[in-house]
Every structure is written in C-alpha cells, then in structure tokens.
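Novice: Next comes the sequence, and after it the predicted model I'd like to discuss.
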Amino acid sequence: MGIRTSLQQTRWITLGALAVAIWAVVVWFEVFELIEWTSMDYIGRSAPSGVVGLIVLAGFIGLMVAIFGELGEEEPAPESWPPE
C-alpha cells in the first residue's frame, strides 16, 4: 500500500503515527539538552542514564522510520512460489 492509499483508508492512524514520531524526535532533543555531561552518577540527569534514554528513543525512532518505510511499498504481497 502506498502512502497515498494509506492516508485515504486509515487517515487517523497514519497521522497519529506521524505525530508520535515527531514527538519522539522532540523528546530526543530535550533529553540530549538536559543531560549533565560532567556528572557520572547513575541517579538523575547524569550522562549514563541520559545516554541510555537516547539509545531507547533512537531505537523507537528507527522503528517508526521502518513503519513509514513499509507504507511506501506499492505491493505488500510476497512473490508467488514457484517462480514463473
């Protein structure tokens, strides 16, 4: 299904997923800004806990990119077997 078809058939789900992806990017930059890079404690806004948060958010953003990549596929069905 192409992006145009998915927007026509499931507009709210597609726009909701896009809003969540944008929110995740905004939160990633907020977390990056709030990290206290000189603090090496494991409690609060320290560097290790902030980096873990950034890694988790980056994984989530990567998942959202993969979902939107699948929306761009024209034909979701696999190739027939046996090949002709």
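Specialist: Done, it's in. It should be emphasised that the depicted structure is a prediction, and the values quoted were computed from it without experimental measurement.

Novice: Who are the contact partners of the residue most central in space within the chain?
Specialist: Centroid check for the chain by Cα atoms, centre = their mean gives I61 as the closest residue, at 2.2 Å. When contacts are counted by Cβ atoms under 8 Å, 6 or more residues apart in numbering, I61 touches 21, 24-25, 28. C-beta coordinates here come from the backbone N, C-alpha and C atoms, glycine included.

Novice: a markdown table for the residues you listed, including neighbour count and pLDDT?
Specialist: Compiled in a markdown table, the contacts of I61 are given as follows (neighbours: other Cβ atoms under 10 Å; pLDDT from 0 to 100):
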| residue | neighbour count | pLDDT |
| --- | --- | --- |
| A21 | 17 | 90 |
| A24 | 15 | 93 |
| V25 | 13 | 93 |
| W28 | 17 | 91 |
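
Novice: Among the residues you listed, which pair sits farthest apart?
Specialist: Taking Cβ to Cβ as the measure, the contacts of I61 span a maximum distance of 10.8 Å, between A21 and W28.

Novice: before we move on, the earlier item: show me which of the contacts of I61 is closest to I67.
Specialist: A21 (8.3 Å).

Novice: Does that closest one touch F68 like I think?
Specialist: Yes. A21 sits in contact with F68 when judged by Cβ atoms under 8 Å, with a separation of 7.3 Å.
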